[in-house]
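J.: The following block contains a protein sequence and its predicted model.
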Amino acid sequence: MKEHDYSVTVNWVGNTGQGTASYTAYTRDFTVQMPGKHDLLGSADPAFRGDPKRWNPEDMLLASLSACHKLWYLHLCAVNKVKVLEYVDQAQGRMVEGDDLRKGHFTQVVLRPQIVISRDSDSALAMRLHDEAHHECFIANSVNFPVTCEAVITHQG
């Protein structure tokens, strides 16, 4: 079994001079850093006093699921001779804040990729490859809520 290790630095940059003296005394802003990569500017969701212009953990989870599926899908299309020309996903996720028994958690994510393939590519095969991509996706295999895919495939022109 192969193992892969990942490491990032999450640096809170929201101390406005009082630290966490009160719930409103600080911002939720942070940077995600990794040597050799651009910093990712993060915050909490605006519902939790975050900056709406920055990525929040919920956004990043949704983006990770979408990106992982896309990467596997493109790989599978390449090795199965399906020529993808465009791929855009309008993914949506639902989180509930929960109760005392189960705190906030995602209940579902729906991937909605819109894919354009070449005229000579097999659209039925292109559609089937989404199931395989889902089963290969490392991120989807790591979450405890359903991730579904509602793909739309069209031919070029």
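T.: All right, it came through fine.
J.: Contacts for the host helix or strand of L71, please.
T.: For L71, the element it lies in under DSSP states H and E is helix 57-79. Helix 57-79 is contacted by residues 40, 42, 44-45, 55, 82-84, 87, 89, 91-93, 95, 106, 109, 111, 113, 117, 126, 129-130, 132-134, 136-140, 143, 147, 149 when judged by Cβ atoms under 8 Å, 6 or more residues apart in numbering. Every C-beta, even on glycine, is put in place using the N, C-alpha and C of the backbone.
J.: From these, list just the buried residues.
T.: Using 16 or more other Cβ atoms under 10 Å as the burial test, these include 42, 44-45, 55, 82, 84, 89, 91, 93, 95, 106, 109, 111, 113, 117, 126, 129-130, 133-134, 136-137, 139-140, 147, 149 as buried.
J.: circling back: what angle do helix 57-79 and the very next helix or strand once past the helix holding L71 make with each other?
T.: Next helix or strand after helix 57-79 toward the C-terminus (DSSP H and E): strand 84-89. For strand 84-89 against helix 57-79, the angle by axes from the mean of the first three to the mean of the last three Cα atoms, to 10 degrees is 160 degrees.
J.: now whichever helix or strand comes after strand 84-89: mean pLDDT?
T.: Sequence-wise, the next helix or strand downstream of strand 84-89 (DSSP H and E) is strand 92-96. For strand 92-96, the mean pLDDT works out to 96.
J.: Quick check: neighbours of the helix or strand containing N11 in the sheet, parallel or antiparallel?
T.: Using DSSP H and E, N11 sits in strand 9-12. If you go by DSSP bridges, strand 9-12 pairs up with strand 30-33 (antiparallel).
J.: buried ones in the partner strand?
T.: F30, T31, V32.
J.: What of stretch 113-129?
T.: Of the residues in stretch 113-129, those buried (16+ other Cβ under 10 Å) are P113, I115, V116, I117, S121, A126, M127, L129.
J.: export those residues to CSV and tack on distance to S64 and secondary structure?
T.: Converted to CSV, these look like this (distance: Cβ to Cβ, whole Å; DSSP: H, G, I helix; E, B strand; the rest coil):
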residue, distance to S64, secondary structure
P113, 15, strand
I115, 20, strand
V116, 24, strand
I117, 25, strand
S121, 27, coil
A126, 23, helix
M127, 23, helix
L129, 20, helix
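J.: Sounds good, over and out.
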